[in-house]
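*Asks:* Provided below for reference: sequence and predicted model.
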Amino acid sequence: MKSTTSRLVTLTALCMASSTASADPWQCAIPSAGQPLPLSAILQKIEARGIRDIRELERKGRCYEIKARGELGRIKLYVKSSNGEIILEQERF
C-alpha cells in the first residue's frame, strides 16, 4: 500500500510529464534533418528549469536522453536537440 506522500509524488510527476509532453515522444526515433543546438545551450535550458546533477546524456535520434536530478529526485528527460524543448519527463525510482 502506497503512502499518501508517495501517491502525491507520483501524481505530481505524472502531471509534470503530461505538461511537458507537448509532442509525441516517438519523434525522437526519426533522424534529425536540421542542425542541433549546441549542447551548452541545451544544458542551460535544462538547468533553468531547476534540473541539476546531470548524470548521463545520450543522443537518441532527434533527442537527447538525459538522466539527472530534479526537484522531486531522479528523473529522465527526452529533450529535442533542435530547440531544447523537453518533450517527456519521467520520475525514476
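*Replies:* Thanks, I have the structure now.
*Asks:* Excluding sequence neighbours, find me the nearest residue to Gly70.
*Replies:* Ile51 (5.0 Å; C-beta to C-beta, 6 or more residues apart in numbering). (Glycine included, C-beta is placed from N, CA and C.)
*Asks:* what's the distance between the one you found and Arg92?
*Replies:* As judged by C-beta to C-beta, to the nearest Å, Ile51 and Arg92 stand 13 Å apart.
*Asks:* Look at the two and report which has more neighbours.
*Replies:* For Ile51 versus Arg92, neighbours defined as other C-beta atoms under 10 Å are more numerous around Ile51 (20 against 13).
*Asks:* about what we covered before: next, show the common contact partners of Ile51 and Arg92.
*Replies:* Ile75 (C-beta atoms under 8 Å, 6 or more residues apart in numbering).
*Asks:* after the one helix or strand Arg69 maps to, next one along is what?
*Replies:* Using DSSP states H and E, Arg69 sits within strand 63-70. Next helix or strand after strand 63-70 toward the C-terminus (DSSP H and E): strand 73-80.
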